[in-house]
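Peer 1: Sequence plus the predicted model coming up.
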Amino acid sequence: MKSFNHKVAAITGAASGIGRALALALADQQCQLALSDVDENGLAETARLASAKGVKVTTAKVDVANRDQVHAWADQVKKDHGKVNLIFNNAGVAHGGTVEGSDYADYEWIIGINLWGVIHGTKAFLPYLKETGDGHVINISSIFGIFAQPTQSAYNTTKFAVRGFTESLRQELDIMQCGVSATCVHPGGIKTNIAHNARMSKSIHEVAGDDVSDDDLRDNFAKMFRTTPEKAAQVILEAVRHNDRRVLIGADARIADRMQRLLPASYQRLVTAAMQAQRRSARRHAKA
């Protein structure tokens with residue numbers, strides 16, 4: 001897909017962050033938009049900004065964890081726009097906590113959105129993408145789909161799974177030569193609200209330390225976010241044009257990917273050592 005002009009793109013999680021940035025970047029290129037999110041106010045604002053660029057925009061409140069809602073939305077997008085060329089499975093949430101301390105409900109919640117949301121979006125839209133003969137599935141994983149972290153087992157689980165799902169899908173599409181392709185996106189730290197909206201288990205303090213508050217953890221995590229959503233959207237759309245299989249976004253993502261390649265098992269020792277050093281530093285500051 002060399003041009004987005006007169007194409008139709010469906011985007012989940014479009015109320016803010018990368019989803020909104022993708023919508024506005026595509027609108028600049030005269031791509032029609034079908035946008036969804038559970039945040040209706042944010043979704044309406046994205047639609048207002050995109051519509052001002054002179055493209056057709058439709059919106060729907062959709063819980064991507066709900067299969068029936070996603071399939072109904074896909075059918076409606078086809079009716080409203082006549083076709084669908086791109087599906088960006090972008091909606092995502094975060095959770096922090098140890099394996100032992102996190103509830104089953106925490107895993108079910110994040111898997112429903114981050115993994116089942118991608119599966120639902122892919123399966124619901126794929127038949128319509130194939131009808132066009134010029135379609136693309138873009139699934140947002142994370143650098144945490146390549147590089148594991150303590151207290152992130154739930155998030156790592158979903159993002160590693162999205163990576164495997166998308167890479168398998170891409171191979172199937174290549175074999176079928178049906179005019180549809182797939183790209184897996186691995187952002188590093190992007191300046192979005194995902195850290196501040198993350199769920200936190202009390203067990204996270206068993207690793208981070210009791211002297212650090214949940215707000216401090218969120219703030220410290222957010223400080224690592226270097227890349228803007230607008231830059232991320234630019235990189236993603238360029239990857240679609242080049243039909244890339246995997247996209248790394250941000251210097252932090254490239255460094256982590258390189259570390260994992262060079263030290264596929266022992267990188268975990270480096271992460272552990274760094275976390276222990278941070279914990280000691282936090283205790284010293286608390287005492288001071």
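Peer 2: Okay, I see it. Computed from a prediction, not measured in an experiment: that's the story for all the values here.
Peer 1: Please count neighbours and contacts with C-alpha atoms only from this point.
Peer 2: Will do.
Peer 1: and Gln268, what does it touch?
Peer 2: Ala148, Gln149 (CA atoms under 8 Å, 6 or more residues apart in numbering).
Peer 1: I'd like the distance between it and Phe4.
Peer 2: 41 Å (CA to CA, to the nearest Å).
Peer 1: and if you look at Phe144?
Peer 2: Plainly put, Phe144 is 29 Å away from Phe4 if you go by CA to CA.
Peer 1: Mind checking which of those two has more residues around it?
Peer 2: Each of Phe144 and Phe4 has its neighbours counted (other CA atoms under 10 Å); Phe144 has more, 23 against 20.
Peer 1: my read: that one touches Tyr155, true?
Peer 2: Yes - counting by CA atoms under 8 Å, Phe144 does reach Tyr155; the two are 7.4 Å apart.
Peer 1: Now do the longest helix anywhere in the chain: which elements does it pack against?
Peer 2: Counting residues, the longest helix found in the chain (DSSP state H) is helix 153-176. Packing partners of helix 153-176 (3 or more CA pairs under 8 Å, 6 or more residues apart in numbering; DSSP states H and E): strand 95-96, helix 104-110, strand 135-140, strand 180-187.
Peer 1: partner strands of the shortest one, parallel or antiparallel?
Peer 2: The one in question is strand 95-96. Strand 95-96 has the following strand partners under DSSP bridges: strand 199-200 (parallel).
Peer 1: from the middle of its chain, how far away would the helix or strand following the strand it pairs with be?
Peer 2: Downstream of strand 199-200, the next assigned helix or strand under DSSP states H and E is helix 205-208. From the chain centre to the centre of helix 205-208 is a distance of 26 Å (CA atoms, centre = their mean, to the nearest Å).
Peer 1: Now do helix 205-208: everything it contacts.
Peer 2: Counting by CA under 8 Å, 6+ apart, Thr98, Pro150, Thr151, Val212, Met275, Gln278, Arg279 sit against helix 205-208.
Peer 1: Strands of the protein, start to end?
Peer 2: Ranges of strands in the chain, per DSSP state E, are 8-11, 32-37, 57-61, 86-89, 95-96, 135-140, 180-187, 199-200, 246-249.
Peer 1: Mean neighbour count and mean pLDDT added to these, as TSV?
Peer 2: Formatted as TSV, the strands of the chain follow (neighbours: other CA atoms under 10 Å; pLDDT from 0 to 100):
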stretch	mean neighbour count	mean pLDDT
strand 8-11	26	98
strand 32-37	27	98
strand 57-61	20	98
strand 86-89	26	98
strand 95-96	25	92
strand 135-140	26	98
strand 180-187	25	98
strand 199-200	19	76
strand 246-249	21	97
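Peer 1: Any figure for the gap between the residue sitting nearest the centre point of the chain and Leu169?
Peer 2: The structure's the chain has its C-alpha centroid closest to Ile140; by CA atoms, centre = their mean the separation is 3.7 Å. According to CA to CA, Ile140 and Leu169 sit 14 Å apart.
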